[in-house]
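**Student:** sequence first, then the predicted structure, then my questions.
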Amino acid sequence: MRIRSAALLALLLAGTAAGVPAAADGTAAGNDKVVVSGTLPSEAVKAQILAKLREMYGADKVVDRAEVSNVVAPGNWEQYVTAMLDANLKQVSHGQLKVEGNEIRISGEVPNEYQRQQVPSQLAAHFNGTYHIHPDLRIGTSDQQVLDQALANRVVEFESGSAILTPRGRLVLDEMAAAIVKLQDPKIAIVGNTDSSGNRAANIQLSLARAAAVRDYLAGKRIPVASMTVSGNGPDQPIADNATEQGRARNRRIDFKILR
């Protein structure tokens, strides 16, 4: 007697395109796609799962490679599986979620230790005690770390007393732009800072003008203007001693902060 296979749902989560095989038509998923594969017990279950994923990630981000066949699914399998497709799952990138019968395996990157523990716990809450969850999650590099590493403790330089970028300042921003385009829809605060020399009010205006100049330069590198905000602290948030030239040089800086 032939034993039917267990129902299988496999999701390649956003950011896993390098390991995604081409589809039958030769196309491949992009870096921000969620690829749905496996063998599902009915067209209705497939439609339900796809609808939930498209609601979560956007219809253009979901690639359907799932099949439908006469496979065995545990009781209420489709309700459990659909329920687990929530915002908790969006914390995982560069990974895979696989539900085969009552065995659940999840791998990939999460932003911090809290999410490394929370994601499997929240998944388990959607299933009964007959299901087993096997997590293999690692803490990935945050968007803020990507920007910090690109800046590498350097200062975006301007001509003295102005908001005109120097050639060295433009070179640093070229590298920042290359790092930003690798992130997924970031919202970035660009914050100008000065040293304490001169008039405070003038320094605040200068810091704001310099932040705006950085935004405009990055916009010319195809970073969406709507994804950037600008502000100027003037001399109010020093990171070094303004009593020394070295300290003042460090305080004349642009900060890049991930807002979301």
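**Tutor:** Arrived safely. Only a predicted model underlies this, so the values are computations on that prediction, with no experimental measurement involved.
**Student:** other SSEs contacting the strand or helix carrying Gly169?
**Tutor:** Per DSSP states H and E, Gly169 falls inside helix 167-180. If you count contacts as 3 or more Cβ pairs under 8 Å, 6 or more residues apart in numbering; DSSP states H and E, helix 167-180 packs onto helix 143-151, helix 200-219. (C-beta placed from N, C-alpha, C; glycine too.)
**Student:** any idea which of these scores lowest on pLDDT?
**Tutor:** The stretch with the lowest mean pLDDT among the helices and strands packed on helix 167-180 is helix 143-151, at a mean of 91.
**Student:** in the one helix or strand Val81 maps to, what's buried?
**Tutor:** Following DSSP H and E, one finds Val81 within helix 77-84. Judged by neighbour count using 16 or more other Cβ atoms under 10 Å, the buried positions of helix 77-84 are 77-78, 80-82, 84.
**Student:** okay, now the closest residue to Gln91 other than its chain neighbours: neighbour count?
**Tutor:** Nearest residue to Gln91, sequence neighbours excluded (Cβ to Cβ, 6 or more residues apart in numbering): Gln115, at 4.7 Å. By other Cβ atoms under 10 Å, 18 other residues sit near Gln115.
**Student:** can you tell me the SS state at Gln115?
**Tutor:** Here Gln115 is recorded as helix under DSSP: H, G, I helix; E, B strand; the rest coil.
**Student:** next one: it relative to Met56, how far apart?
**Tutor:** Going from Gln115 to Met56 by Cβ to Cβ, to the nearest Å gives 16 Å.
**Student:** in the stretch 101-250 of the chain, where is pLDDT below threshold?
**Tutor:** In the prediction, the stretch 101-250 of the chain carries no residues with pLDDT under 70.
**Student:** not counting sequence-adjacent ones, nearest residue to the residue nearest the centre of the chain?
**Tutor:** Central residue of the chain (Cα atoms, centre = their mean): Gln184, 4.6 Å from the mean position. Excluding its sequence neighbours, the residue lying closest to Gln184 (Cβ to Cβ, 6+ apart) is Asp32, at 5.9 Å.
**Student:** kindly report the same for Lys187.
**Tutor:** Counting by Cβ to Cβ, 6+ apart, the residue nearest Lys187 is Leu259, at 4.2 Å.
**Student:** domains in the protein, by residue range?
**Tutor:** 8-139, 143-258 (automatic domain parsing).
**Student:** quick one: contacts of the helix holding Val81?
**Tutor:** 7, 9, 41, 45, 48-49, 52, 99, 123, 126-128, 131 (Cβ atoms under 8 Å, 6 or more residues apart in numbering).
**Student:** at 10 Å instead, please
**Tutor:** 6-7, 9, 40-42, 44-46, 48-49, 51-53, 73-74, 76, 97, 99, 101-102, 104, 106, 122-128, 131, 133 (Cβ atoms under 10 Å, 6 or more residues apart in numbering).
**Student:** what does stretch 160-168 give?
**Tutor:** 154-159, 171-173, 192, 194, 197-198, 202, 205-214, 216-217, 252.
**Student:** narrow those to those that are buried.
**Tutor:** Those of those that meet the buried threshold are 155-158, 172-173, 192, 194, 205-214, 217, 252, by 16+ other Cβ under 10 Å.
**Student:** okay, now Glu100: neighbour count?
**Tutor:** 15.
**Student:** need phi/psi at it.
**Tutor:** Backbone torsions for Glu100, taken as degrees, to the nearest 10, come to phi -120, psi 110.
**Student:** verify the stated contact: it with Ser37.
**Tutor:** No. The pair Glu100 / Ser37 is not scored as a contact, 11.8 Å apart, by Cβ atoms under 10 Å.
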